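Peer 1: sequence-free structure coming up:
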């Protein structure tokens with residue numbers, strides 16, 4: 001059975017992407033091994049972030065949660081969870097490096113530039129520059145579109161065609177052009193949808209980056225007086241001083 005990723009991050013099941021991102025950032029601050037947490041805790045919250053930040057993974061996960069008797073849905077989500085946990089193990093071990101890494105994830109979405117180019121048969125194909133994740137979204141969307149269009153093309157090719165006998169040359173050529181349109185148009189639409197999903201995530205992250213530009217504060221460790229940078233949001237933060245290992249709580253003001 002797959003974990004409750006919403007509970008791991010401490011958010012509601014209907015939370016939007018920005019709420020999930022903020023919850024992940026908070027939990028990473030509390031659970032990173034360099035701040036007194038453990039590797040296993042970080043893997044759990046990283047896996048939750050991997051599932052809930054991706055629209056397709058989250059949709060399958062939500063469906064499986066509400067359809068507990070569907071073995072196919074559970075199997076698909078278990079596989080997503082396995083892959084997410086594998087990716088979750090790869091994160092910077094030093095907190096300072098982790099902060100930079102987390103910021104770069106946001107910038108990769110936020111700095112993307114989008115345009116469409118003309119393709120064959122009057123189709124449009126998206127091009128995303130300045131973003132590695134954008135390329136992945138477009139490729140994944142195109143691949144999904146191709147698989148769906150191939151399924152429709154197969155159905156069209158094997159269904160009866162009015163005015164032609166199945167298996168004759170006339171039937172073959174009558175079917176060829178629509179099949180080509182399906183096989184080219186499907187990947188194009190899938191890639192465009194992938195680009196739009198990526199763009200939507202980028203808009204959310206740009207807003208969050210602007211809102212969070214002054215989202216850190218400096219506090220001093222009560223034991224060794226070491227200055228520490230902490231999130232400047234509302235709520236209670238559990239902090240471990242990296243210099244003397246003293247643990248203390250910090251209550252942030254409402255941003």
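Peer 2: Good, I have the coordinates. Just so it is clear, the structure is predicted and the values come from calculations on it, not from any experiment.
Peer 1: Just give me the residue right at the centre of the protein.
Peer 2: residue 54 (2.8 Å; CA atoms, centre = their mean).
Peer 1: In which helix or strand does residue 12 reside?
Peer 2: Under DSSP states H and E, no helix or strand contains residue 12.
Peer 1: pLDDT wise, what is it at?
Peer 2: Looking at residue 12, its pLDDT is 91.
Peer 1: separation between the residue nearest to the centre of the chain and residue 60?
Peer 2: Using CB to CB, to the nearest Å, residue 54 is found at 9 Å from residue 60. Bear in mind the C-beta positions are built from the backbone N, C-alpha and C, glycine included.
Peer 1: what about the stretch 1-150 of the chain, any weak spots by pLDDT?
Peer 2: Low-confidence regions of the stretch 1-150 of the chain, defined by pLDDT under 70, span residues 92-107, 110.
Peer 1: Could you pull up the residues touching the residue nearest to the centre of the chain?
Peer 2: Going by CB atoms under 8 Å, 6 or more residues apart in numbering, residue 54 touches no other residue.
Peer 1: the strands in this protein, which residues?
Peer 2: Here the chain has its strands, by DSSP state E, at 113-118, 124-129, 216-220, 227-231, 235-240, 247-252.
Peer 1: partner strands of the first one, parallel or antiparallel?
Peer 2: Applying DSSP bridges, strand 113-118 is found paired with strand 124-129 (antiparallel).
Peer 1: mind listing what's buried in the partner strand?
Peer 2: By neighbour count with 16 or more other CB atoms under 10 Å, strand 124-129 contains the buried residues 125-126, 128.
Peer 1: Show me which of those residues is closest to residue 41.
Peer 2: Using CB to CB, residue 128 comes nearest to residue 41 of these, at 33.8 Å.
Peer 1: Does that closest one touch residue 141 like I think?
Peer 2: No. Between residue 128 and residue 141 there is no contact under CB atoms under 8 Å: 10.9 Å.
Peer 1: Residues that sit against both of those two, list them.
Peer 2: Shared contacts of residue 128 and residue 141, counting by CB under 8 Å, 6+ apart, come down to residue 195.
Peer 1: surely residue 53 meets residue 21?
Peer 2: Yes. Counting by CB under 8 Å, residue 21 is a contact partner of residue 53 at 7.2 Å.
Peer 1: Need phi/psi at the residue lying closest to residue 125 once chain neighbours are set aside.
Peer 2: Nearest residue to residue 125 in three dimensions, chain neighbours excluded: residue 119, at 4.5 Å (CB to CB, 6 or more residues apart in numbering). Main-chain torsions, residue 119, degrees, to the nearest 10: phi -120, psi -170.
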